[in-house]
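Undergrad: Sequence unavailable; structure follows:
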């Protein structure tokens, strides 16, 4: 689970394994695999980093957390 913030300031947790897409339009929208969508204060890159940190901690707990996300330019 990753912790994110609604636009009203309340914090909640999303199951990172169910995130299908993260989009900045300009607010950050998180779409889950079940079709549920959330709008959060965190930027899209920040949410992606939280997901990467979560997955690394779950799947490779002894590996260091990456310092930077590498993005491809489309």
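TA: Done, it's in. All values reported here derive from a predicted model rather than from experimental measurement.

Undergrad: switch to C-alpha atoms for all contacts and neighbour counts from now on
TA: OK.

Undergrad: in the helix or strand of the chain with the lowest mean pLDDT, what counts as buried?
TA: The weakest-scoring helix or strand in the chain, judged by mean pLDDT, DSSP states H and E, is helix 44-59 (a mean of 91). Using 16 or more other CA atoms under 10 Å as the test for burial, helix 44-59 gives 44, 47-56.

Undergrad: One more: stretch 3-18?
TA: Neighbour-count burial for stretch 3-18 [16+ other CA under 10 Å]: 4, 16.

Undergrad: one step back: who are the packing partners of the least confident helix or strand of the chain?
TA: Applying 3 or more CA pairs under 8 Å, 6 or more residues apart in numbering; DSSP states H and E, one finds that helix 44-59 contacts strand 2-5, strand 19-24.

Undergrad: Now with 10 Å, please.
TA: strand 2-5, strand 19-24, strand 28-32 (3 or more CA pairs under 10 Å, 6 or more residues apart in numbering; DSSP states H and E).

Undergrad: just the angle between it and strand 28-32, please?
TA: 40 degrees (axes from the mean of the first three to the mean of the last three CA atoms, to 10 degrees).

Undergrad: How far off centre is helix 44-59?
TA: 6 Å (CA atoms, centre = their mean, to the nearest Å).

Undergrad: likewise stretch 28-45?
TA: Distance, centroid of stretch 28-45 to centroid of chain: 8 Å (CA atoms, centre = their mean).

Undergrad: avg pLDDT for stretch 18-38?
TA: For stretch 18-38, mean pLDDT is 96.

Undergrad: what's that stretch in contact with?
TA: The contact list for stretch 18-38, computed with CA atoms under 10 Å, 6 or more residues apart in numbering, reads 1, 4-7, 14-17, 39-48, 51.

Undergrad: Tabulate the helices and strands packed on helix 44-59 in JSON lines, adding columns for distance to residue 60.
TA: Below are the helices and strands packed on helix 44-59 laid out as JSON lines (distance: least, CA to CA, whole Å):
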{"stretch": "strand 2-5", "distance to residue 60": "17"}
{"stretch": "strand 19-24", "distance to residue 60": "19"}
{"stretch": "strand 28-32", "distance to residue 60": "24"}
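
Undergrad: Much appreciated, bye for now.
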